[in-house]
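Q: would you be able to build a 3D model of this:
(chains A and B)
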Amino acid sequence: MEEEAVDVSKGVDVSKGEAAKGEATLPGPREAGAGAAESPGEPLLVVEKLVKHFPVKGGFPIRRTVGAVQAVDGIDLTVHVGESFGLVGESGCGKSTTGRLITRLLEPTSGSISYRGRDIAHASRKQLAPIRSEIQMIFQDPYSSLNPRQTVGKIISGPMEINGIDPTGGREKRVRELLEIVGLNPEHYNRFPHEFSGGQRQRIGVARALALEPKLIVADEPVSALDVSIQAQVVNLLQQVQKDLGIAFLFIAHDLAIVRHFSQRVAVMYLGKIIEVGDRDSIYKRPRHPYTHALLSAVPEVTLDGGAEETGRERIRLAGDVPSPISPPSGCRFRTRCWKSQDKCATEEPPLVRLSGNRPHHLTACHFPEAPTTEAREEDIVLDPALTALEEGEG
Amino acid sequence: MTSPPKAEGGGTPVVGGEREPGKGPEGGQVEGRSPGRLMWIRFKRDRVGVVSAFVVGFFFLIGLLAPLISKVYGKDPFTVYADERPELFDSAGVPVQPNGGISGEFWFGLEPGNGYDVFTKLIYGIRTSLMISLTVTVAVVLTGIVLGVTAGYLGGKADFAIGRLIDFLLAIPAQLFFIASMPVVVSLFVSPRDETPTYVRVVALIAVQWLLGWMSLGRILRGATLSLREREFIEAARVSGATSERIIRKEILPNVVTPLLVQSTYLLPNFVTAEAALSFLGVGIVEPTPDWGQMFAKASTELVLQNDITYMFFPGVSMIIFVIAFNLLGDSVRDAFDPKSAR
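A: Residues are numbered from 1 along each chain as shown, chains lettered A, B, ... in the order given. I've put the predicted structure just below:
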């Protein structure tokens, strides 16, 4: 445990050391405008060694804590002003828990969350009050994130009411403005959520998050509950908002394509740990961690007559499920499903560091990293016996 | 600030077309229809529900206007007509005329023995019963909200404590407890040698029914709150820094109105019948205060029962109509709130 903590902090040091140098080159053509108003590169949110363990109760007749779900187990990340930071990973890897810890819907077991230099990891509701308006959240399910008994106007003006904000021209005027910003009709002020479609509801959720003019929005899978056709619209809306208002985003998603579209920097999570982090192009074009390779390779690609051979991409199919976060594997957590796993992986946890050949900022936690390419390999890696059998049957 | 993001045609396809909610036929500002309004519109379409509502309303009106009605009618339930108008009764104290002495003057007849007027007795009895039952319902609803929502929202130890209290109270056989405890509760206020004032009996009736009446509602509200607590709009309020008090008041309570209203419409007729049963058994309201249930007790005494069934008929039929109408109303309210549950 002791060693693990040291390893992780080493990773942070590297990331911090390189923050100043690398950031300037980051913005690509698409996000040239993002964060232009405020100096980019200035860290807005710094998360260090964040841990959240949910106790598992059991035993009879006296109930006691018999274990812990290690949902988030020592992660470090930094979100800079005006930047969009993507967090990807399989279901159950702790992405959403991380988002809820940062918005302080949950209290971390340990670690620090500092927002503009203020540690909010264990702040009380009162202490959080001034920061509440700066960190807002967009939720996954637009059908449960709006109170069905309140009008759209009430829903969006609620945060202003709670924080006692009286914009010039009144709250109603501001709400109508916000409705317009998110692409809804200001006339919808007195309507109820049930009168809207999923995409429209999500826009209302965005308007509510914008009501307090936040500096950081944690978007917890904001589009995964929507139709594919609506997803693009909402993502574009978020991108527009990010660009125009210079809001930093922590974008949590399992859809790699959307994260690629939306985020400048991406972190890949696996079983409560960040296993690879870097700017978008490094992660998507030059991944090093085997899990990142597998994840990217699993993205379905639309080709005319299918087949991985034609696309020129590598093909990796993992077997089995994510191990239980109650008793995660020792050492590298991915080793139970990794094709390169060796003895070292079980005994020593790989630190999150910059590997030689990686761009600055690109950190990987792996003892035996892959080559930085997603080109097709000589031989596909298919670990799933069922899939192998199926393909053999076909061939 | 910014211009709306039109570049990707965001929103317009969704907002536009037939789903466009912002434009009514007359254009201009259109009010959204709240879930409550929608429920009201659905309810109005339900003929059984509307008729039941009118019947129930009629009973409440009678109870409310009982003194006025009896004034117009010219009689009251306390006059002993056996003394006032002895010519109407035979030597045994039974009305001379058939059907319990029904006549143009005494619409529902006269009671054997003391010779009370049945009609005024009934309307005053309805008044007493409904007043008690309504008070019990209000008390039960308030208790159910406070304890149920608290248990559901706070969870943990509070939930455990309230849950065990509910289990404990549910284990007590209600009817037996009512019968056994009524005299005890009354004697807490008045020494057994004194005359018991009516208000003490009323308070005692309300108290025992309230004590054992709130648990089912409390449990339902706890469950409703528990499921609401995990909803994302509660989290959204919390992210904005809302206090627990605000979350309960603005986010949770408006959303438990449905089960609350449905349950209350089922509870009230139960309290009416329970109160009637207690008065029937002689531990509730006693003569000379008129009461619905006590009229059954009177009608089933030997002297009365032998002579005519009409004494049982009027309170019986009116109570059956009331309870059925109220239960049908409860069904309609539930269907209106949740159209999927309709048959």
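Q: up against chain B, what does the stretch 151-300 of chain A have?
A: Contacts of the stretch 151-300 of chain A with chain B, taken as C-beta under 8 Å from any C-beta of the partner chain, map to A:151-152, A:155, A:158-159, A:162-163, A:177, A:180-185, A:187-188, A:190-192, A:194-197, A:199-200, A:203, A:205, A:208, A:212, A:230, A:232-234, A:236-237, A:240-241, A:244-245. Backbone N, C-alpha and C define where each C-beta goes, glycine included.
Q: same thing but at 7 Å, please
A: Applying C-beta under 7 Å from any C-beta of the partner chain, one finds that the stretch 151-300 of chain A approaches chain B through A:151, A:158-159, A:162-163, A:177, A:180-181, A:183-185, A:187-188, A:190-192, A:194-197, A:199-200, A:203, A:208, A:230, A:233, A:236-237, A:240, A:244-245.
Q: and residue 236, what element?
A: Just going to use chain A. Under the criterion of DSSP states H and E, A:Asn236 resides in helix A:228-245.
Q: my bad, the chain I had in mind was chain B
A: Per DSSP H and E, the secondary structure element for B:Ala236 is helix B:232-239.
Q: so for that helix, what's the average pLDDT?
A: Taken as a whole, helix B:232-239 has a mean pLDDT of 92.
Q: what's the answer for stretch A:68-88, then?
A: For stretch A:68-88, mean pLDDT is 91.
Q: rewinding a little: so the next helix or strand after the helix holding A:Asn236 versus helix A:228-245, what angle?
A: Per DSSP H and E, helix A:228-245 leads on to strand A:248-253 as the next helix or strand towards the C-terminus. Orientation check (axes from the mean of the first three to the mean of the last three C-alpha atoms, to 10 degrees): strand A:248-253 against helix A:228-245 gives 160 degrees.
Q: now strand A:248-253: buried residues?
A: Taking 16 or more other C-beta atoms under 10 Å in any protein chain shown as the neighbour-count basis, strand A:248-253 is seen to contain the buried residues A:Ala248, A:Phe249, A:Leu250, A:Phe251, A:Ile252, A:Ala253.
Q: that one: how far from the chain's middle?
A: Here strand A:248-253 shows a centroid-to-chain-centroid distance of 5 Å under the convention C-alpha atoms, centre = their mean, to the nearest Å.
Q: dump the next helix or strand after that strand to CSV, keeping only the CA atoms.
A: Per DSSP H and E, strand A:248-253 leads on to helix A:256-262 as the next helix or strand towards the C-terminus. Listed in CSV are the C-alpha atoms of helix A:256-262, where the atom choice follows Å, rounded to 0.1, in the frame of the first residue of the first chain:
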residue,chain,number,x,y,z
LEU,A,256,-14.6,6.9,-27.1
ALA,A,257,-15.8,8.6,-30.3
ILE,A,258,-17.6,11.3,-28.4
VAL,A,259,-14.7,11.9,-26.0
ARG,A,260,-12.4,12.2,-29.0
HIS,A,261,-14.7,14.8,-30.5
PHE,A,262,-15.1,16.7,-27.3
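Q: residue boundaries of the helices in the stretch 1-150 of chain A?
A: In chain order, the stretch 1-150 of chain A shows helices spanning A:2-23, A:95-102, A:125-132, with DSSP state H, counting those that start in this stretch as the criterion.
Q: where among these is the average confidence lowest?
A: Out of these, the stretch the model trusts least by mean pLDDT is helix A:2-23, with a mean of 39.
Q: how about low-confidence regions in the stretch 251-395 of chain A?
A: Scanning the stretch 251-395 of chain A for pLDDT under 70 picks out A:302-311, A:394-395.
Q: counting neighbours, what do you get for the residue in it positioned nearest to chain B?
A: Taking C-beta to the nearest C-beta, chain B has its nearest neighbour within the stretch 251-395 of chain A at A:His261, 11.8 Å off. If you count neighbours by other C-beta atoms under 10 Å in any protein chain shown, A:His261 ends up with 17.
Q: wait, what's in contact with the closest residue in space to it that isn't next to it in sequence?
A: Using C-beta to C-beta, 6 or more residues apart in numbering or on different chains and skipping residues adjacent in sequence, the residue nearest A:His261 is A:Val235, 6.2 Å away. When the contact criterion is C-beta atoms under 7 Å, 6 or more residues apart in numbering or on different chains, the partners of A:Val235 are A:Val223, A:Ile258, A:His261, A:Phe262.
Q: 8 Å instead?
A: Contact criterion C-beta atoms under 8 Å, 6 or more residues apart in numbering or on different chains gives A:Pro222, A:Val223, A:Ile258, A:His261, A:Phe262 as the residues in contact with A:Val235.
Q: look at it and report its pLDDT.
A: A:Val235 carries a pLDDT score of 91 in this model.
Q: likewise the one 4 residues further on?
A: In the prediction, the pLDDT value recorded for A:Gln239 is 91.
Q: what's around the closest residue to it other than its chain neighbours, how many residues?
A: Of all residues not flanking A:Gln239 in the chain, A:Phe262 sits nearest, at 6.1 Å (C-beta to C-beta, 6+ apart). A:Phe262 is surrounded by 26 other residues when neighbours are defined as other C-beta under 10 Å.
Q: what do you get for A:Ile102?
A: As a burial measure, A:Ile102 scores 25 neighbours (other C-beta under 10 Å).
Q: same deal with A:Ile316?
A: Residues contacting A:Ile316 under the criterion other C-beta under 10 Å number 22.
Q: what's the spacing between it and B:Asp159?
A: 47 Å (C-beta to C-beta, to the nearest Å).
Q: kindly report the same for A:Gly58.
A: Plainly put, A:Gly58 is 19 Å away from B:Asp159 if you go by C-beta to C-beta.
Q: same thing with A:Leu363?
A: To B:Asp159, A:Leu363 is 44 Å away according to C-beta to C-beta.
Q: more neighbours: which of these two?
A: A:Leu363 (27 against 17).
Q: is it true that the more buried one touches A:Val353?
A: Yes. Using C-beta atoms under 8 Å, A:Leu363 makes contact with A:Val353 at a distance of 6.0 Å.
Q: quickly list what the most centrally placed residue in chain A is bridged to.
A: Centroid check for chain A by C-alpha atoms, centre = their mean gives A:Leu87 as the closest residue, at 2.3 Å. On the basis of DSSP bridges, A:Leu87 takes part in beta bridges with A:Ile252, A:Ala267.
Q: how about the contacts made by it?
A: By C-beta under 8 Å, 6+ apart, A:Leu87 lies in contact with A:Leu77, A:Lys95, A:Thr98, A:Gly99, A:Leu250, A:Phe251, A:Ile252, A:Ala253, A:Val266, A:Ala267, A:Met269.
Q: ok, now which ones touch the third one?
A: What it means is A:Thr98. The contact partners of A:Thr98, taken as C-beta under 8 Å, 6+ apart, are A:Val47, A:Leu50, A:Val72, A:Ile75, A:Leu87, A:Ile252, A:Met269.
Q: which two of those residues lie the greatest distance from each other?
A: Pairwise distances among the contacts of A:Thr98 were taken by C-beta to C-beta; the largest, 14.1 Å, belongs to A:Leu50 and A:Ile252.
Q: what's around the nearest residue to B:Asp308 once chain neighbours are set aside, how many residues?
A: Sequence neighbours aside, B:Gly100 is the residue nearest to B:Asp308 in space, at 4.2 Å (criterion: C-beta to C-beta, 6+ apart). For B:Gly100, the number of neighbouring residues by other C-beta under 10 Å comes to 25.
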